[in-house]
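> Got a sequence here, can you build the structure:
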Amino acid sequence: MGVDINIIFQIAGIGIVVAFLHTILDQMGKKEYAQWVTLLGFIYILFMVASIVDELFKKIKAVFLFQG
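Prediction:
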């Protein structure tokens, strides 16, 4: 049940890109757009983590169903 390292790098990469865009937009005076970019990045990563947790629960459910 190893954690796929690619997913960790994807999350880190998205975080870096979102932080970069937020900084640029904030310095340009577009604070509203910077906040939207940050929110959308957060929501995208949240869905990625939710799918990972869903896979984890499916594996746990399969393990306990086959033990009985």
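
> D4 versus the residue minimising distance to the centre of the chain, what's the distance?
Nearest to the mean C-alpha position of the chain, counting by C-alpha atoms, centre = their mean, stands I45 at 1.9 Å. Taking C-beta to C-beta, to the nearest Å as the measure, I45 falls 15 Å from D4. To be clear about C-beta, it is placed using only N, CA and C from the backbone, and glycine gets the same treatment.

> Does G29 fall in a helix, a strand, or a coil region?
coil (DSSP: H, G, I helix; E, B strand; the rest coil).

> On the pLDDT front, check it for me.
pLDDT, G29: 94.

> That one: neighbouring residues, count only.
9 (other C-beta atoms under 10 Å).

> Could you measure from it over to A19?
On the measure of C-beta to C-beta, G29 and A19 end up 18 Å apart.

> ditto for I7
For I7, the distance to A19 - C-beta to C-beta - is 19 Å.
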